[in-house]
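*Asks:* make a model of this:
(chains A and B)
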Number of protein chains: 2
Amino acid sequence: MADVAREAGVSVATAGRALGDYGRVGDDLRDRVKAAADRLGYSPNVVARSMRSGGTHSIGFVGADISNPFFATALRGVCDVAREHGYEAILTNSDDRLDVERAAVQVLLDKQVEGIVVAPTSVTDVDHLKRAQEVGVPIVLLDRSSSALDADSVVIDNEMAAHDAVTYLLNLGHRRIGMLACVDVEESPEVVARAGTGRLQARGAARPSIDRIRGYLAAMDDYLAPSSADLVRCTGLGSPAQAEREADALLALAQPPTAVFAADNVATQGVFRAARRRGLAIPGDLSMVGFDDLDWTTLVDPPLTVVAQPPLDMGRTAAEQLFARIKGEDRPGERIVLPTELIVRSSAAGHGAQKRSA
Amino acid sequence: MADVAREAGVSVATAGRALGDYGRVGDDLRDRVKAAADRLGYSPNVVARSMRSGGTHSIGFVGADISNPFFATALRGVCDVAREHGYEAILTNSDDRLDVERAAVQVLLDKQVEGIVVAPTSVTDVDHLKRAQEVGVPIVLLDRSSSALDADSVVIDNEMAAHDAVTYLLNLGHRRIGMLACVDVEESPEVVARAGTGRLQARGAARPSIDRIRGYLAAMDDYLAPSSADLVRCTGLGSPAQAEREADALLALAQPPTAVFAADNVATQGVFRAARRRGLAIPGDLSMVGFDDLDWTTLVDPPLTVVAQPPLDMGRTAAEQLFARIKGEDRPGERIVLPTELIVRSSAAGHGAQKRSA
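*Replies:* Numbers count the residues shown, from 1 in each chain, chains lettered A, B, ... in the order given. Sure thing, here's the model as predicted:
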């Protein structure tokens, strides 16, 4: 701003008034200052805004995998709210790796963002997030919450969402129900299933999928259905090819499931492709409930019954919480649970009716 | 770094060696310095890297619409290459609006990125990009190139890609071929078609869709097929509902097309949905060629014939060009054209064969 004032031959205060479009300043003077700012490559908006507040008027978003439509849509919600507040949002990708997330948060702090929305890789290794809070940069967690961090979080009830989806299949008469989850752990799929979820939580695995496995197991228990280890298969994050292989292994069991719950959008695609490759009619030979209400789930035949979470609202809500903190609101962290919805379409049929309708 | 050295009780040079993992320094000393850095909240990587180069080791990406899978995938390519170079990539969204893009570029300059990959909204209003170059921040254009800016660009040959797709339909015997394009202009669809593409270019519209319309018109001319104004419909960027309405209007013509070329992934979805809603079998009643090889185009029945562009390679190549500039390469801007491919699946049939196969 001092440079602009010098270039225009006016005082810094006058330059500020001219560029900020506030206070009294003649048209000639305003034009002169704007021309000077233009020559020097200053954006009047940014300059004026930082003059008013002293902040950088930017917030950061750390997403696990931006090519996953869930995060892309959540990011859009964050960006929209940021713009409504006159802020810019900048994004970094964590690839769901803790070391990359740490570096990403550090980059955002270096860039002096005023707050960060983060989908955390771990809910226990959060020292880097605490440090951000300590230097006055508020954190809001998206998609996962952490008891190790006093911060707002915006999540869905993953356990209940899975419980509802599996209960829907149980009510249709299915008892041998498979599940395909995206869990990036070293344990083999069998161990994940056998151990239940206790050990995974202890290791700090933050995956909503862990809660979804818990919801599946609880629903199966409710109906005294056998939830054997071979019925739960896991696949790495974001790998459609691996998801299809794991889904195929599920369908290749000596006693294959009559229905499958796919616990995220990549798993949903994997189950759909594997069923088709094996020539299984949906829902004639296999019922399925997927996760995430993406466009393609209504483009395919049959349209899929899915658990819909609200990624746009989640992103918007996380950003709104963040701005409340940036504006100085000070209270203990709050866990905001947004509702999910089971959207019933045509990919699941009654167990008895299946073979007949096929 | 000075703070870390003071906290650890060592010289700045020693602290630099310890954190950068270069030069000789005892294990004890290294641990002490790392512990000090940890207490102060310094990331050794970032500190060490800036010591080595003096730069911020970050690059920026400005995408038109990050919830479009094309840009999400291109961004992944940019991020991957950035990481290979030890850089972080940060992203801002332009919503394909020039004012938003200007602000986004300014934010990235404020954040002192060392270079920017941008999918420009306009190919004529590029002063903000020139200013970035003038302050030493190289620019690489993605998806669109500009004669008004001396910068590298990474594009596909949109005109040829469209020409090939429409020629494929013409060779199948179709003559009444419709086109659905995403063009965000004020002109009504009829005017776009009647005026050809000259006026749009003059207004600085940078849409690859303009070149795709040109390719469509050229192919139709090659075969002396009537490319009447009512056969080309346009829809706004990124609106699936509007795309479906425009596609429906195309199919509702008194003389409807026997084949449609959908010129981007949103238009492709619109044509597919509109055909299904009207009960038209693909390809029995309507042949179609879509754009972008997205997952869903092989999940639907029939799998769609599409023009595939390589967004991951485009992002990677743009980032590699940028790093060559960051490392000091100085030569006139280069236009890199990556190949597209017509992937023939099952959504188009011979014109004569259509009704019989239906």
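*Asks:* which residues does A:Q133 contact?
*Replies:* Counting by Cβ atoms under 8 Å, 6 or more residues apart in numbering or on different chains, A:Q133 touches A:139, A:149-151. C-beta: built from backbone N, CA, C; applies to glycine.
*Asks:* in a helix, A:H163, correct?
*Replies:* Yes - according to DSSP: H, G, I helix; E, B strand; the rest coil, A:H163 belongs to a helix.
*Asks:* my read: it touches A:Y216, true?
*Replies:* Yes - with contact defined as Cβ atoms under 8 Å, A:H163 counts as touching A:Y216 (7.5 Å).
*Asks:* and those two? which has more neighbours close in?
*Replies:* More neighbours surround A:Y216 than the other of A:H163 and A:Y216, with 27 against 21 (other Cβ atoms under 10 Å in any protein chain shown).
*Asks:* outside of the host helix or strand of the more buried one itself, list whatever touches it.
*Replies:* In the assignment (DSSP states H and E), A:Y216 maps to helix A:208-222. Contact with helix A:208-222 is made by A:143-144, A:155-156, A:158-167, A:170, A:177, A:179, A:181-183, A:192-193, A:196-197, A:200-201, A:226-227, A:232, A:234, A:261, A:263-264, A:291, as judged by Cβ under 8 Å, 6+ apart.
*Asks:* weed out the non-buried ones from the residues you listed.
*Replies:* With neighbours counted by 16 or more other Cβ atoms under 10 Å in any protein chain shown, these contain buried members at A:143-144, A:155-156, A:158-167, A:170, A:177, A:179, A:181-183, A:192-193, A:197, A:200-201, A:227, A:232, A:234, A:261, A:263-264, A:291.
*Asks:* from the contacts of A:Q133, which is closest to chain B?
*Replies:* Closest approach to chain B among those (Cβ to the nearest Cβ): A:I139, at 13.7 Å.
*Asks:* bridged to the closest one, which residues?
*Replies:* Here A:I139 shows beta-bridge partners A:I116, assigned using DSSP bridges.
*Asks:* is it true that it touches A:R131?
*Replies:* No - look at A:I139 against A:R131 with Cβ under 8 Å: they stay out of range, at 10.0 Å.
*Asks:* for the stretch 101-250 of chain A, which residues are neighbours of chain B?
*Replies:* Remark: the part of the stretch 101-250 of chain A in contact with chain B comprises A:102-104, A:106-108, A:110-111, A:131, A:134-135, A:240, using Cβ under 8 Å from any Cβ of the partner chain.
*Asks:* show me those that map onto helices.
*Replies:* Using DSSP state H, the subset of these located in helices is A:102-104, A:106-108, A:110, A:131, A:134, A:240.
*Asks:* who are the contact partners of the one residue in the stretch 201-350 of chain A that gets nearest to chain B?
*Replies:* Using Cβ to the nearest Cβ, the single residue of the stretch 201-350 of chain A nearest to chain B is A:W296, 3.6 Å away. Counting by Cβ under 8 Å, 6+ apart, A:W296 touches A:269, B:295-296, B:299-300.
*Asks:* that older thread, out of the ones in helices among the residues of the stretch 101-250 of chain A next to chain B, which are buried?
*Replies:* A:102-104, A:106-108, A:110, A:131.
*Asks:* show me where chain A has its strands.
*Replies:* For chain A, the strands defined by DSSP state E cover A:58-63, A:88-93, A:116-118, A:139-142, A:152-156, A:177-182, A:232-235, A:259-262, A:287-291, A:305-308, A:335-338, A:341-343.
*Asks:* neighbours of A:A241, how many?
*Replies:* Neighbours around A:A241, by other Cβ under 10 Å: 11.
*Asks:* is it true that A:H128 touches A:Q106?
*Replies:* Yes - counting by Cβ under 8 Å, A:Q106 is a contact partner of A:H128 at 7.2 Å.
*Asks:* domains in chain A, by residue range?
*Replies:* Annotated domains of chain A cover A:1-52, A:54-156+A:311-339, A:158-309 [the TED database].
*Asks:* can you put those domains in TSV and add mean pLDDT?
*Replies:* Listed next are these as TSV, based on pLDDT from 0 to 100:
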stretch	mean pLDDT
domain A:1-52	69
domain A:54-156+A:311-339	92
domain A:158-309	86
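*Asks:* where's A:F272 relative to A:R144, distance?
*Replies:* To A:R144, A:F272 is 26 Å away according to Cβ to Cβ, to the nearest Å.
*Asks:* no, scratch that, I was asking about A:V81
*Replies:* Plainly put, A:V81 is 20 Å away from A:R144 if you go by Cβ to Cβ.
*Asks:* please apply the same query to A:E101.
*Replies:* Distance from A:E101 to A:R144, by Cβ to Cβ: 12 Å.
*Asks:* where do the contact lists of those two overlap?
*Replies:* A:P120.
*Asks:* hang on, the earlier thing: compare the contacts of A:Q133 and tell me which is most surrounded.
*Replies:* A:I139 (28 neighbours).
*Asks:* list the contacts of that residue.
*Replies:* By Cβ under 8 Å, 6+ apart, the contact set of A:I139 is A:115-118, A:129, A:132-133, A:149, A:151.
*Asks:* at 7 Å instead, please
*Replies:* A:116, A:118, A:129, A:132-133, A:151 (Cβ atoms under 7 Å, 6 or more residues apart in numbering or on different chains).
*Asks:* greatest separation within these: which pair is it?
*Replies:* A:V118 and A:Q133 (11.5 Å; Cβ to Cβ).
*Asks:* relative to chain B, how far out is the residue nearest to A:G9 when sequence neighbours are not counted?
*Replies:* Nearest residue to A:G9 in three dimensions, chain neighbours excluded: A:R32, at 7.7 Å (Cβ to Cβ, 6 or more residues apart in numbering or on different chains). For A:R32, the distance to chain B equals 19 Å [Cβ to the nearest Cβ, to the nearest Å].
*Asks:* what number of residues lie near the nearest residue to A:N158 once chain neighbours are set aside?
*Replies:* Spatially, and ignoring its direct neighbours in sequence, A:N158 is nearest to A:D211 (3.7 Å; Cβ to Cβ, 6+ apart). A:D211 has 23 neighbours, counted by other Cβ under 10 Å.
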